[in-house]
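Peer 1: Please work out how this folds:
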Amino acid sequence: MGIQNVKGYDLYLINVNRYTEKSYKKYKNIINPNNLQRSRGKYHLDHKFSKTEGFKNNISPEIIGSYINLQMLTESDNCSKCYKCSISKEELLSEYNRKIKSF
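Peer 2: Model prediction:
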(Lines give C-alpha, C1' and ligand atoms only; values in the text may rest on other atoms or scores of the structure.)
Protein backbone atom coordinates (compact mmCIF):
# COMPACT_ATOMS: atom_id res chain seq x y z
CA MET A 1 0.00 0.00 0.00
CA GLY A 2 1.48 3.34 -1.01
CA ILE A 3 2.07 6.18 1.41
CA GLN A 4 -0.70 8.21 -0.25
CA ASN A 5 -3.24 5.58 0.82
CA VAL A 6 -2.31 5.61 4.53
CA LYS A 7 -4.83 8.31 5.47
CA GLY A 8 -7.52 6.63 3.37
CA TYR A 9 -6.76 3.27 4.97
CA ASP A 10 -6.85 4.73 8.48
CA LEU A 11 -10.24 6.31 7.80
CA TYR A 12 -11.47 3.05 6.28
CA LEU A 13 -10.43 1.13 9.43
CA ILE A 14 -12.21 3.63 11.68
CA ASN A 15 -15.41 3.17 9.69
CA VAL A 16 -15.09 -0.63 9.53
CA ASN A 17 -14.52 -0.79 13.27
CA ARG A 18 -17.59 1.38 13.89
CA TYR A 19 -19.80 -0.91 11.77
CA THR A 20 -18.17 -4.00 13.32
CA GLU A 21 -19.03 -2.97 16.87
CA LYS A 22 -22.59 -2.01 15.89
CA SER A 23 -23.04 -5.38 14.16
CA TYR A 24 -21.58 -7.27 17.09
CA LYS A 25 -23.92 -5.58 19.56
CA LYS A 26 -26.97 -6.14 17.38
CA TYR A 27 -26.15 -9.71 16.24
CA LYS A 28 -24.10 -11.05 19.13
CA ASN A 29 -26.44 -14.04 19.44
CA ILE A 30 -25.56 -15.02 15.84
CA ILE A 31 -21.85 -14.12 15.86
CA ASN A 32 -21.07 -15.40 19.36
CA PRO A 33 -23.91 -17.73 20.41
CA ASN A 34 -21.75 -19.39 23.08
CA ASN A 35 -20.86 -16.04 24.64
CA LEU A 36 -17.12 -16.64 24.27
CA GLN A 37 -14.93 -14.15 26.11
CA ARG A 38 -13.41 -11.53 23.81
CA SER A 39 -10.00 -10.67 25.22
CA ARG A 40 -6.27 -11.13 24.80
CA GLY A 41 -5.44 -14.81 25.19
CA LYS A 42 -9.06 -15.88 24.65
CA TYR A 43 -11.20 -15.16 21.59
CA HIS A 44 -11.10 -12.49 18.94
CA LEU A 45 -13.78 -11.11 16.67
CA ASP A 46 -12.49 -11.93 13.19
CA HIS A 47 -13.37 -10.52 9.78
CA LYS A 48 -13.72 -13.46 7.39
CA PHE A 49 -12.85 -11.18 4.47
CA SER A 50 -10.09 -9.07 5.98
CA LYS A 51 -10.24 -5.33 6.49
CA THR A 52 -7.07 -4.93 4.43
CA GLU A 53 -8.50 -6.85 1.48
CA GLY A 54 -11.75 -4.94 1.86
CA PHE A 55 -9.84 -1.69 1.46
CA LYS A 56 -7.80 -3.00 -1.48
CA ASN A 57 -10.99 -4.24 -3.20
CA ASN A 58 -12.94 -1.05 -2.46
CA ILE A 59 -15.63 -2.88 -0.47
CA SER A 60 -17.83 -0.71 1.69
CA PRO A 61 -16.92 -0.57 5.41
CA GLU A 62 -20.57 -1.42 6.09
CA ILE A 63 -20.16 -4.77 4.30
CA ILE A 64 -16.79 -5.57 5.90
CA GLY A 65 -18.22 -4.74 9.34
CA SER A 66 -21.44 -6.65 8.74
CA TYR A 67 -22.37 -9.60 10.93
CA ILE A 68 -22.18 -11.94 7.95
CA ASN A 69 -18.44 -11.18 7.74
CA LEU A 70 -17.76 -11.72 11.44
CA GLN A 71 -16.82 -14.83 13.39
CA MET A 72 -15.25 -15.74 16.69
CA LEU A 73 -11.76 -17.28 16.55
CA THR A 74 -9.23 -18.18 19.19
CA GLU A 75 -6.47 -15.62 19.51
CA SER A 76 -3.93 -18.06 18.04
CA ASP A 77 -6.14 -18.89 15.03
CA ASN A 78 -6.87 -15.23 14.38
CA CYS A 79 -3.21 -14.21 14.66
CA SER A 80 -2.07 -17.02 12.36
CA LYS A 81 -4.74 -16.01 9.84
CA CYS A 82 -3.31 -12.48 9.83
CA TYR A 83 -4.53 -10.67 6.67
CA LYS A 84 -5.75 -13.81 4.91
CA CYS A 85 -9.39 -14.25 4.06
CA SER A 86 -11.44 -17.33 4.92
CA ILE A 87 -14.08 -16.43 2.30
CA SER A 88 -13.79 -15.00 -1.20
CA LYS A 89 -14.95 -11.56 -2.27
CA GLU A 90 -17.69 -13.23 -4.30
CA GLU A 91 -18.89 -15.26 -1.30
CA LEU A 92 -18.94 -12.17 0.89
CA LEU A 93 -20.90 -10.05 -1.56
CA SER A 94 -23.29 -12.86 -2.45
CA GLU A 95 -24.07 -13.62 1.20
CA TYR A 96 -24.41 -9.94 2.05
CA ASN A 97 -26.83 -9.32 -0.83
CA ARG A 98 -28.82 -12.45 0.05
CA LYS A 99 -29.18 -11.42 3.72
CA ILE A 100 -30.02 -7.80 2.92
CA LYS A 101 -32.75 -8.84 0.50
CA SER A 102 -34.28 -11.13 3.11
CA PHE A 103 -34.92 -8.20 5.49
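Peer 1: For the chain, just list every one of the helices.
Peer 2: 6-31, 51-56, 61-64, 75-81, 89-101 (DSSP state H).
Peer 1: hmm, who's touching the shortest one?
Peer 2: In other words, helix 61-64. Residues outside helix 61-64 that contact it (Cβ atoms under 8 Å, 6 or more residues apart in numbering) are 12, 15-16, 18-20, 47, 49, 51, 54, 69, 92-93, 96. (Each C-beta comes from the backbone N, C-alpha and C, glycine too.)
Peer 1: And the buried ones among those residues, selectable in PyMOL?
Peer 2: To isolate the buried members of the contacts of helix 61-64 in PyMOL, using 16 or more other Cβ atoms under 10 Å:
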select buried, resi 12+15+16+19+20+47+49+51+54+69+92+93+96
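Peer 1: Farthest pair within the contacts of helix 61-64?
Peer 2: Greatest spacing in the contacts of helix 61-64, by Cβ to Cβ: 18 and 93 (20.5 Å).
Peer 1: rewinding a little: in CSV, list the helices of the chain along with distance to residue 40 and mean pLDDT.
Peer 2: Shown next, in CSV, are the helices of the chain (distance: least, Cβ to Cβ, whole Å; pLDDT from 0 to 100):
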stretch, distance to residue 40, mean pLDDT
helix 6-31, 17, 96
helix 51-56, 19, 97
helix 61-64, 23, 98
helix 75-81, 7, 91
helix 89-101, 27, 91
